[in-house]
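Engineer: show me how the following folds:
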Amino acid sequence: MIRACRTVFFYLGLVAAWLPTGRCPATAEIAEGRVFHDRNGNGRRDPGEEGLSGVRVSNQREVVVTDADGRWRLGLEDEETVFFVIKPRGWMTPVDPVTKLPRFSYIHRPSGSPRLKYPGIRPTGPLPSSIDFPLRPQAEPDRFRVVVFADPQAGNPTEIDYLARDVVAELVGTDAAFGITLGDIVNNDLSLYPLHNETVGLIGIPWYNVIGNHDSNTDAPDDRSADDTFEQTYGPNYYAFEYGPAHFIALDDILWTGKTSPRGSSYRAALDARQLEFIRNDLRGVPRDCPVILLMHIPLTELKDREALFRLIEDRPHTLSLAGHTHSQEHRFFTCEDGWRGAEPHHHVINVTVCGSHWGGAPDECGIPHATMKDGTPNGYTVLTVDGHRMSVEFKAARRPASYQMNIYAPSVVAAAEAGDTEVLVNVFGGSDRSKVEMSVGPEGRWRPMRGTETLDPSIVQLNALYEGPRPPPGKAPRKASVCAHIWSLKLPAGLPAGLHLLRVRTTDMYGNTYQACRALRIR
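Structural biologist: Predicted coordinates:
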């Protein structure tokens, strides 16, 4: 019997595993199958491979629990239905040996996708007599790490090479349990999926994916078809799985509305009623104190119907959500002013992007663009740590040491009479409202608190000016600077004596981690 996040719903499933948590029309066709222990790892149910009880299966609306023999039954509400197993703790679905993509679903589309520029779902024909999901046991401790990408967003093979050398290479051999990409896997050219997947597969860990707006079939006639190439490649556009003590829900918050002009296409951030019903039904089988981690592409700040989602999770004491999309990094804490009614604010991470500023900026000595984001944050990724009920995130810059967490902006030389009026700015890349930032000048200078300020990162302002000038640097122009939510400022102390001084900045984040940076300052 599977032991994971379970409720009394499990016991109901033993009596009637075919009963969904929503209603199904009496005339609907029924799909059925088994979840089984794939002892030999061949992905097929062979004699002697027993069914697994208590495992949850969904059709993206209802959620059912397998009976004592591992059997499940679910209805088809229309011609297209995606069935998937919700991976339980201590078990793993098959993983592609090259791409490391988990395989946990079956798409039923008898006639296949409409004609699209990029191939969608191939015709599946009649419903199989049994849709079986193999699982194999694996160790899943209470404490584990996850690598979180947002927006790798390569638009051509050269940019996938940047991804390989800038980020993938340093992650080979990571101790992370798995990885996640929060959408915009590629930049509209969906034919790049195979090369991208093989590249990320080199890291060597299972890799889950969330759909982004640049992963849509832009010639699709409707929202459902817009996801077809993504689904053929990765599986469901929204789904759930467990790992260790945590429950993950991958969302599709891209509502495709069709072409609006010759220049491009249109979408908005939204969760449809079917997806919200799935989340509701899924969480009924998740204990209230289980950490719930939501994965999405467009941040909650842009999701107008976010309160409907809040109603489903705000009674839970341990929640976290992660998004990408903006090409800037920010920690948001949602309160009653934002429509959140939970006892504590909800922590929402707008993740650093792998491509930074769309792989923009001058190439460095390795030929890789610096790709700094529009808020001055270097391109990179996040490391999520789950330790029981505790969840924490840490920023990691591409090809830089883990200790590189800030940039200090101050003149190299300051006149003694002007020191007290000279402002120092510090961009703490992973900083938030809950960070403590302090500055000290001189070997025995006291630590003084810096104040948070919303302003533009000076380095991006300078880069923008260079690219707008008569002789722009090589490479793709970076995006326009935007207001940064994690800059602190403080003026130098007045009366500093002439000579060379050490200017130091230290920050302590919301988890108690402390980082330091320093630079030389000459007073004349």
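
Engineer: so V383 is in which element?
Structural biologist: Using DSSP states H and E, V383 falls within strand 380-387.

Engineer: how far does that strand sit from its chain's centre?
Structural biologist: 10 Å (C-alpha atoms, centre = their mean, to the nearest Å).

Engineer: ok, and for that strand, which residues are buried?
Structural biologist: Judged by neighbour count using 16 or more other C-beta atoms under 10 Å, the buried positions of strand 380-387 are 380-384, 386-387. Bear in mind the C-beta positions are built from the backbone N, C-alpha and C, glycine included.

Engineer: low-confidence ranges, the protein, go.
Structural biologist: 1-28, 259-265 (pLDDT under 70).

Engineer: off-centre distance for stretch 128-145?
Structural biologist: That offset, for stretch 128-145, works out to 21 Å (C-alpha atoms, centre = their mean).

Engineer: tell me the strands beside the helix or strand K396 falls within, with direction?
Structural biologist: For K396, the host element (DSSP H and E) is strand 390-397. Using DSSP bridges, strand 390-397 pairs in its sheet with strand 380-387 (antiparallel).

Engineer: residues in contact with the partner strand?
Structural biologist: Strand 380-387 is contacted by residues 142-150, 167, 176, 243-246, 291, 293, 322, 349, 351-352, 354, 356, 391-398, 400 when judged by C-beta atoms under 8 Å, 6 or more residues apart in numbering.

Engineer: among these, name the ones in strands.
Structural biologist: Among these, the members falling in strands (DSSP state E) are 143-149, 243, 246, 293, 322, 349, 391-397.

Engineer: please tell me I have it right and L271 contacts D253.
Structural biologist: Yes: at 5.7 Å, L271 counts as touching D253 under the criterion of C-beta atoms under 8 Å.

Engineer: what is in contact with the two at once?
Structural biologist: Between them, L271 and D253 share the contacting residues L303, judged by C-beta under 8 Å, 6+ apart.

Engineer: higher neighbour count, those two?
Structural biologist: D253 (30 against 22; other C-beta atoms under 10 Å).

Engineer: who's in contact with that one?
Structural biologist: With C-beta under 8 Å, 6+ apart, D253 has these contacts: 269-271, 296-298, 303.

Engineer: and F104, how many neighbours?
Structural biologist: F104 has 23 nearby residues by other C-beta under 10 Å.

Engineer: residues contacting the residue nearest to the spatial centre of the chain?
Structural biologist: Geometric centre of the chain, nearest residue: L182, 3.3 Å, by C-alpha atoms, centre = their mean. L182 makes contacts with 148-151, 210, 212, 295-297, 322-325, 351, as judged by C-beta under 8 Å, 6+ apart.

Engineer: pretty sure D67 is touching V55, no?
Structural biologist: No: under the criterion of C-beta under 8 Å, D67 makes no contact with V55, lying 10.1 Å away.

Engineer: any residues in contact with both of the two?
Structural biologist: Joint contacts of D67 and V55 (C-beta under 8 Å, 6+ apart) do not exist.

Engineer: give the contact list for the nearest residue to D166 once chain neighbours are set aside.
Structural biologist: Distances taken as C-beta to C-beta, 6 or more residues apart in numbering put A398 closest to D166, at 4.7 Å, once the chain neighbours are dropped. Neighbouring residues of A398 by C-beta under 8 Å, 6+ apart: 166-167, 170, 354, 356, 371, 378-381.

Engineer: ranges for the helices of the stretch 151-300 of the chain?
Structural biologist: Along the stretch 151-300 of the chain, the stretches classed as helices by DSSP state H, counting those that start in this stretch are 157-163, 169-171, 193-201, 223-226, 228-234, 273-283.

Engineer: of all those helices, which one is nearest T257?
Structural biologist: Proximity to T257, assessed across the helices of the stretch 151-300 of the chain by C-beta to C-beta, is greatest for helix 223-226 (7.5 Å).

Engineer: what residues does the closest one touch?
Structural biologist: Helix 223-226 is contacted by residues 80, 113-114, 116, 120, 216-218, 220, 254-257, 272 when judged by C-beta under 8 Å, 6+ apart.

Engineer: farthest pair in those?
Structural biologist: Farthest pair in the contacts of helix 223-226 (C-beta to C-beta) is L116 and D272. Separation: 20.9 Å.

Engineer: more crowded one of the two?
Structural biologist: Neighbour comparison, L116 and D272: the larger count goes to L116, with 18 against 15 (by other C-beta under 10 Å).

Engineer: which residue sits closest to the more buried one, ignoring its sequence neighbours?
Structural biologist: N217 (4.9 Å).

Engineer: just checking, that neighbour touches E231?
Structural biologist: No: with contact defined as C-beta under 8 Å, N217 does not count as touching E231 (10.3 Å).

Engineer: which neighbours do the two share?
Structural biologist: Common contacts of N217 and E231 (C-beta under 8 Å, 6+ apart): G120.

Engineer: distance to L496 for the contacts of A398 - can I get that in CSV?
Structural biologist: Shown next, in CSV, are the contacts of A398 (distance: C-beta to C-beta, whole Å):
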residue, distance to L496
D166, 39
V167, 41
E170, 39
V354, 41
G356, 36
A371, 36
P378, 30
N379, 36
G380, 35
Y381, 39
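
Engineer: closest one of these to R451?
Structural biologist: P378 (23.6 Å).

Engineer: who are the contact partners of the closest one?
Structural biologist: Contact analysis of P378 by C-beta under 8 Å, 6+ apart lists 352, 356, 370-372, 397-398, 400, 404, 429.

Engineer: no further questions, thank you.
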